[in-house]
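Peer 1: Take a look and give me a structure for this.
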Amino acid sequence: MMAATLEATGVQSRLRAILSGSVGNLVEWYDWYTYSATALYFAPVFFPKGDQTAQLLQTAAVFAVGFFARPVGAWVMGRYSDRAGRKAALTLSVAMMCLGSLVIAVTPGAAQIGIAAPIILLLARIFQGLSLGGEYGASATYMSETAGRAHRGFWSSFNYVTLIGGQLVALAVLIVLQHMLAPAAMAAWGWRIPFVIGAGLAVVAFWLRRRMQESQSFLSTDAPAAERGSPRLLLRRYPRETLTILGLTAGGSMIFYVYTTYMQKFLTNTAGFSKGDATELSAATLIAFMVAQPLCGWLSDRIGRRSMLLIAFGGGALITWPVMTRLAAISSIGAAFLLILAAVLFESAYTSISAVVKAELFPTNLRSLGVALPYALANALFGGTAEYVALWFKSAGAESGFYIYASALSAISFLAALTMRDTRIHSRILED
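Peer 2: The predicted structure is shown next:
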């Protein structure tokens, strides 16, 4: 009886830890993706010159710059997480994201303050990029450390459940506003509402994270202070692991952003769908994508992480060209949904275990930095530039070149997965 009671208490404690990490993660990603979800509306406000493609290209450039701030955030916040604790880093990151959203919400457009408008937008996105650079490493590490050995793939998959959930909530807010407000009102001021909501939610997440428990892995580490979160030590002792994360993230982040953030613009700007239909179609595929995460995470606990990665990147390399080519010429919402669904199901084999695979590669004293820094670097180079590169190919009249580019990156990630050990068997997370 006592053993059963202790086991139940342990499960409850684990669930509370996962919930605390998940809610804050969802809010962080909601704030981040609100920019992309509302870009169709605020692009003319901050960048009034040029046609729709030119305006979207400029907002995509700011989106990419925000990504390039993430490696700096990963460096600073990753070190902070390995030295001060996961809880401290997660609490700070959500406070920073809150401030960035609030700045975007209240910044006047170019018609009112001229060139200062896009500059403030850029600075706010850089600040949010610093926040998110630290969020991913600390969150992935915390959830993987508290998940438990037997079901680590399943529980840590909620890192991406909440990541996708944040994007989905951003789209849901946009859909509600599209139905409540006239197009002119949305373009004039309605697009600011999601940023205000994000700032408010971040305050709630900050309060929740202040109450969360520190992970047992961090509390039990006996590494000296000089060896906690040291970039030099990371590169000297774990160069192979660092390169593996770079390789996995290159294709993984590219394909993810193609079918999530960029797809909404692609359906409108290339396939000819209305803004409302493109938004609702993106939301429907994101729901299916989110549901697939725990299923694929559970499967990785059975067949291993490496097998899942090979499925994800092999599939991505093979189907990206035909899926994107067909979507460009399609007019049926149902057919478009099925095509995108097939693509994101392959991607789920990577995203569901993205956090745990990276966390299992490193010891506790370097785990947050080891997860965050190479991921942020590759994500900035390939994920953050996905929209810009895609729109550049389109503006050059060679849009199919982007499909080849995305497929090639997925093939590189396939090779990275092929040469690594299965982290389910060779995990460096020793605590259960």
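Peer 1: Stretch 400-418 - what's its average pLDDT?
Peer 2: Mean pLDDT, stretch 400-418: 96.
Peer 1: residues of that stretch that come out buried?
Peer 2: Residues 402-403, 405-407, 409-414, 416-417 are the ones in stretch 400-418 that count as buried (16 or more other CB atoms under 10 Å). (Each C-beta comes from the backbone N, C-alpha and C, glycine too.)
Peer 1: now swap in stretch 276-295 and tell me
Peer 2: For stretch 276-295, a neighbour-count test (16+ other CB under 10 Å) marks 278-286, 289-290, 292-294 as buried.
Peer 1: Format the CA atom coordinates belonging to it as CSV.
Peer 2: Extracted C-alpha coordinates of stretch 276-295, given in CSV (Å, rounded to 0.1, in the frame of the first residue of the first chain):
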residue,chain,number,x,y,z
GLY,A,276,-9.2,33.2,-44.2
ASP,A,277,-9.1,29.8,-45.9
ALA,A,278,-5.3,29.7,-45.6
THR,A,279,-5.4,30.5,-41.9
GLU,A,280,-8.1,27.9,-41.2
LEU,A,281,-6.3,25.3,-43.3
SER,A,282,-3.1,25.9,-41.4
ALA,A,283,-4.9,25.6,-38.1
ALA,A,284,-6.5,22.2,-39.1
THR,A,285,-3.1,20.7,-40.1
LEU,A,286,-1.5,22.1,-36.9
ILE,A,287,-4.2,20.3,-34.8
ALA,A,288,-3.3,16.9,-36.5
PHE,A,289,0.4,17.7,-36.1
MET,A,290,0.0,18.4,-32.4
VAL,A,291,-2.0,15.2,-31.8
ALA,A,292,0.7,13.2,-33.5
GLN,A,293,3.5,14.3,-31.1
PRO,A,294,2.7,12.1,-28.1
LEU,A,295,1.9,9.2,-30.4
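Peer 1: Go ahead and report the secondary structure state at the nearest residue in space to Gly272 that is not next to it in sequence.
Peer 2: Leaving out its chain neighbours, the residue that sits closest to Gly272 by CB to CB, 6 or more residues apart in numbering is Ser331, at 7.3 Å. Following DSSP: H, G, I helix; E, B strand; the rest coil, the label given to Ser331 is coil.
Peer 1: gap between Ser331 and Ala271?
Peer 2: Distance of Ser331 to Ala271, computed by CB to CB, to the nearest Å: 8 Å.
Peer 1: wait, doesn't Ser413 sit right on Gly252?
Peer 2: Yes - shown here, Ser413 and Gly252 form a contact pair, counting by CB atoms under 8 Å, at 5.8 Å.
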